[in-house]
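>>> 3D, please:
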Amino acid sequence: MGGHEYQVTTSSPFIMTDSLEVINARLTYRDAPIHLLEKFAFKDLHYAHRLLLEKAQLKECIITQTCNRVEVFAISSDPNEQRLLEQWASAVNLSNKEFENIVQVERGKDVIYHLLKLASGLDSLVVGEDQVLGQIRRALEFSRKNHYAGSHLQIIFDRAVKVGSRIRTHTGLNKGSVSIGSMAVRLAEEYFDNLNDKRIMLIGSGEGASLIAKSLKQRHVNFMITSRTFERAKSFADTVAGVPIPFENALEMLDDVNLIFVSTTAPYYLVTYDRVEKARGNAKEGLLIFDLSNPRTVEDKVATIKKVKLINIDQISEIVEKNIRARKNEIQSAEKIINSEMESVDSLLKRTKVEPIVVSIFKSVDVIRERELKKALSIIGKSLGPKEAKTIEELSYAIVEGILSTPMNNLRKEMELSNENEELMRVVSKLFKYEEKY
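This next block holds a predicted model:
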């Protein structure tokens, strides 16, 4: 006897009870420049997952990190924001104070909504970009393979990946998506025809600079990277791309470069008229400069120097804005899909909240079924052969399934539709003597 499994989770295997909550802690390009983000990134993902699971008392954990963001998604029966951030700080050798007022933390449905937007490309600096979807897939697969993520996060992430793929299939959100950085590289490409034989310098280490670097890297173009401190330039080169050089050395090379991208947050001119004029005294080739900083960090007067062409952020922003306006309808379509999915997830969470009680009821009834079956078979004795005994056993399973399936499925549906589901849970728990905390 035994070996039969009742179909007690026909709605979904996802069980999110009051005692389990999803939580997300994140730091993105919106909160910090790339050289600062790099400090918060986990160097050893295996160690980071194990530390957070054990010390932050998490049930499940998935870490997603790129040069644009570092995020921790977790399931916990006792979510404690401070404890999570303290262990994150410990994992990356930073002080707790460095985490204050910079890392954003969300819980519950807000986390799911954020993940759906993230997978869809709506939370990216370049709206609609495809790269983030692959990053989420890889993070899920890494945590699944190493048993850091259980059924809860796996289902949430699987849904996010499906929504992200669906949006890219049914909308044009990812078609022609353009950032200021990638547009600048595209214009430079048109200006020079071929960038591979040009000496290129990138000044800056923030998110804007990273988008320029990625566009150059996609074209297999070599370039130098410099920042106001050499440490930032080196960190940028290690994380994104480029050959790091000290800032003062870079200014002395202005006579030997063909193309400069400037994308910084400096509150003053980094590239001045005097510096460029002095350096370009004996230059034989032309120089194209893109000032993508806001406020501008290339002095306007530089454009008057012979063989120097200056294009500023306002000129490129106008082109990019046209691109975004053209895709406004696609963004709205993507948001509708996400909002629809959120309603579905909300219904699922309500419906599956009762699942532990349903499982408990089936198990309790099965104990009674097996006890009575043994009694019946002992009374009948040896007059039954193995085949007949098996038939009676299957009959007992069928009776339990037939009696309980309809009320249990109705209970699930009622949990989904009712706004008074807490009261319903209490009544059902009392009726079936369900003693575990729900």
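>>> just the buried positions in the helix or strand bottoming out on mean pLDDT in the chain, please.
Of the helices and strands making up the chain, the lowest-confidence element is helix 313-326, at a mean of 74, by mean pLDDT, DSSP states H and E. By neighbour count, with 16 or more other C-beta atoms under 10 Å as the criterion, the buried positions of helix 313-326 are 313, 316, 320. Where C-beta positions appear, they are placed from N, C-alpha and C, glycine not excepted.
>>> run through the neighbouring helices and strands of that helix.
Other elements packing on helix 313-326 under the criterion 3 or more C-beta pairs under 8 Å, 6 or more residues apart in numbering; DSSP states H and E are helix 180-192.
>>> and for stretch 133-144, what's in contact with it?
For stretch 133-144, contacts defined as C-beta atoms under 8 Å, 6 or more residues apart in numbering pick out 45, 49, 60-64, 66, 115, 118-119, 121, 148-149, 153-154, 157-158, 160-161, 164-165, 168.
>>> so which of these are in strands?
Members of the contacts of stretch 133-144 lying in strands (criterion: DSSP state E): 60-64.
>>> report the two of those separated the most.
E60 and T64 (13.8 Å; C-beta to C-beta).
>>> next SSE after the longest helix anywhere in the chain?
In the chain, assigned by DSSP state H, the helix with the most residues is helix 386-417. On the C-terminal side of helix 386-417, the closest following helix or strand by DSSP states H and E is helix 421-431.
>>> what is the burial count for A184?
One way to gauge burial is a neighbour count; for A184, by other C-beta atoms under 10 Å, it gives 27.
>>> and I75, that's in a strand?
Yes - counting by DSSP: H, G, I helix; E, B strand; the rest coil, I75 falls inside a strand.
>>> return the set of residues that bridge with it.
V22, E60 (DSSP bridges).
>>> who's in contact with it?
20-23, 58-61, 150, 152-153.
>>> show me how to select, in PyMOL, the buried members of those.
Applying 16+ other C-beta under 10 Å to these, the buried members can be selected in PyMOL as follows:
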select buried, resi 21+22+23+58+59+60+61+152+153
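>>> assign K214 to one of the three secondary structure states.
Put simply, K214 is helix when judged by three-state DSSP.
>>> count of neighbours near it?
For K214, which is what you asked about, the neighbour count (other C-beta under 10 Å) is 21.
>>> surely it and G242 touch.
No - here K214 does not reach G242: they are 10.7 Å apart, not a contact under C-beta atoms under 8 Å.
>>> so where is the stretch 301-438 of the chain shaky, pLDDT-wise?
Counting by pLDDT under 70, the stretch 301-438 of the chain contains low-confidence ranges at 323-324, 326, 346-353, 418-421, 434-438.
>>> rerun that using 90 as the cut-off
Counting by pLDDT under 90, the stretch 301-438 of the chain shows low-confidence ranges at 306-307, 312-336, 339-364, 376-390, 401-402, 404-438.
>>> my read is I289 is in a helix, agree?
No - assignment of I289 by three-state DSSP gives strand, placing it outside any helix.
>>> on that earlier part again, from the chain's centroid, how far away is the longest helix of the chain?
Its chain's C-alpha centre and that of helix 386-417 lie 41 Å apart, by C-alpha atoms, centre = their mean, to the nearest Å.
>>> check stretch 26-39 too.
Relative to the chain's own centre, stretch 26-39 is displaced by 14 Å; criterion: C-alpha atoms, centre = their mean.
>>> you'd agree V345 is up against R159?
Yes - with contacts counted by C-beta under 8 Å, V345 reaches R159, the gap being 6.9 Å.
>>> now the strands: where do they sit in the stretch 1-150 of the chain?
Secondary structure of the stretch 1-150 of the chain (DSSP state E, counting those that start in this stretch): strands at 21-28, 60-65, 69-76, 104-107.
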